[in-house]
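Trainee: how would this look folded up:
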Amino acid sequence: MRALPLTGVPGKLTRRLAAMTLVGQAIAIFLGALVAWQLTAADGDPDRGRTFLVGGCVLAVLCLLVSGTLRRRFGVSLGWLVQLLTLASAIVLPAMVFIVLIFGGLWVLALWQGPRAEEMAERHAREQAQQLGTDATGEQDG
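Mentor: Numbering: from 1, shown residues only. Okay, the predicted model is just below:
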């Protein structure tokens with residue numbers, strides 16, 4: 001088993017998987033921010049509710065921005081930071097723990113299985129190239 005990367009530039013497929021995880025997480029965080037806003041407004045504290053809404057929106061936008069930085073050395077590190085900030089948001093809305101479990105798990109899965117899938121795709125491409133180099137009788141072309 002490989003260690004999970006904390007920094008570095010992942011491969012193309014890993015970047016795509018991780019970025020899509022962050023985009024989905026951004027949507028879930030935004031919806032969570034709306035819930036926190038309405039719950040605190042219903043409790044009679046609309047100012048605190050607006051603060052929760054703005055904080056959640058900032059975290060959701062941060063998820064989207066980080067998904068675009070995965071091509072840089074610091075992109076994966078920022079992704080881990082977003083996961084920790086999402087966990088911290090569970091202080092405001094305890095249901096965010098489920099979001100952390102789902103999207104944090106997808107984040108780990110993308111970083112863990114992405115390189116493996118890339119290796120499999122490269123191996124498949126090499127095998128296809130070798131097969132195209134031979135004709136139907138098994139003899140080399142040219």
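Trainee: only C-alpha atoms from now on, for both contacts and neighbour counts.
Mentor: Fine.
Trainee: contacts only, for residue 104.
Mentor: By CA atoms under 8 Å, 6 or more residues apart in numbering, residue 104 lies in contact with residue 83.
Trainee: measure it to residue 21 for me?
Mentor: When CA to CA, to the nearest Å is the yardstick, residue 104 and residue 21 sit 9 Å from each other.
Trainee: residue 95 too?
Mentor: 18 Å.
Trainee: one more: residue 93?
Mentor: To residue 21, residue 93 is 21 Å away according to CA to CA.
Trainee: the two: who's more crowded?
Mentor: When residue 93 and residue 21 are compared for neighbours, residue 21 comes out ahead with 23 against 17, by other CA atoms under 10 Å.
Trainee: chain neighbours aside, what residue packs nearest to residue 48?
Mentor: Ranked by CA to CA, 6 or more residues apart in numbering and with sequence neighbours excluded, the top spatial neighbour of residue 48 is residue 40, at 6.8 Å.
Trainee: before we move on, which element is that neighbour in?
Mentor: helix 12-42 (DSSP states H and E).
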